[in-house]
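[1] here is my input; please provide its structure:
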Amino acid sequence: MTTPTTAHLTVATPNGPFTVLHDGRAVLASGWTEDPDYLAALVHPALRPESLRPDEAQLDETAGFGDRIREAVAAYYDGDTTAPDQIDVRQRGGPFIEQAWKALRTVAPGAPRTYSEFAELAGNPGAVRAAARACATNAAALFVPCHRIRRTDGGLGGFRYGVETKRWLLDHEG
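    Numbers count the residues shown, from 1 in each chain. As a prediction, the model looks like this:
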């Protein structure tokens with residue numbers, strides 16, 4: 001079942017424009033892009049919006065959620081690196097992937113984990129590749145902080161929005 005209409009908003013950040021798709025209750029997708037259609041394509045088909053509209057709090061029946069998102073992103077960049085934790089996220093995947101996304105939200109800023117540690121945190125120490133897949137398929141960047149996972153050798157690994165952004169975020173949180 002798709003989400004009929006989803007709101008989108010964009011916030012200016014030091015890493016470029018950060019766009020968020022939300023349904024008034026939870027973030028469905030987010031990332032460093034100005035293109036809400038790009039983010040909509042990342043949303044699981046069961047949650048993918050039928051249409052997108054700009055978030056306009058004064059017209060929105062769920063007024064206030066977009067403002068909460070804007071405040072959380074601004075607070076994060078102002079130094080409160082836990083601010084995005086207060087925003088609900090809704091994603092779909094298989095059972096391990098969904099558990100892994102929940103586990104990602106427990107990884108503290110300034111304390112990045114390796115993929116092996118992340119797999120263990122997600123409840124299956126042998127599922128290192130599946131843990132990496134959870135990072136790669138995460139549609140809600142920043143709110144589900146996949147940037148906090150590094151390779152076992154200490155390297156940054158990949159990041160949908162570029163290794164430079166991942167490095168910046170880790171330095172900011174460190």
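[2] excluding chain neighbours, what is closest to Leu104?
    Take Leu104 and drop its neighbours on the chain: the residue closest to it by C-beta to C-beta, 6 or more residues apart in numbering is Val144, 5.1 Å away. C-beta here means a position set from N, CA and C on the backbone, and glycine is covered the same way.
[3] what helix or strand is that neighbour located in?
    Using DSSP states H and E, Val144 sits in no helix or strand.
[4] next: His8.
    strand 3-13.
[5] mean confidence for that strand?
    Averaged over strand 3-13, pLDDT sits at 86.
[6] paired strands for it, with orientation please.
    Its sheet considered, strand 3-13 pairs with strand 16-22 (antiparallel), strand 49-54 (parallel) by DSSP bridges.
[7] and the helix or strand just after the first one, what's its mean pLDDT?
    Yep, that's strand 16-22 we're talking about. Next along the chain after strand 16-22, taking DSSP H and E as the criterion, comes strand 27-31. Across strand 27-31, the average pLDDT comes to 97.
[8] what's strand 27-31 in contact with?
    The contact list for strand 27-31, computed with C-beta atoms under 8 Å, 6 or more residues apart in numbering, reads 3, 6, 18-22, 38-40, 42-43, 47, 49, 69, 87-91, 139-143, 160-161.
[9] where is the longest helix in the chain?
    Counting by DSSP state H, the longest helix found in the chain is helix 65-77.
[10] for the following helix or strand past it, name the packing helices and strands.
    Heading C-terminal from helix 65-77, the first helix or strand you meet, by DSSP H and E, is helix 95-104. Contact partners of helix 95-104 among helices and strands, from 3 or more C-beta pairs under 8 Å, 6 or more residues apart in numbering; DSSP states H and E: helix 115-121, helix 128-137.
[11] closest one to Pro14 among those?
    Proximity to Pro14 (C-beta to C-beta) singles out helix 128-137 among those, at 22.3 Å.
[12] which other helices and strands contact whatever helix or strand comes next after the closest one?
    Later in the chain than helix 128-137, the nearest helix or strand by DSSP H and E is strand 149-150. Other helices and strands packing on strand 149-150, by 3+ C-beta pairs under 8 Å, 6+ apart, are strand 113-114, helix 115-121, helix 128-137.
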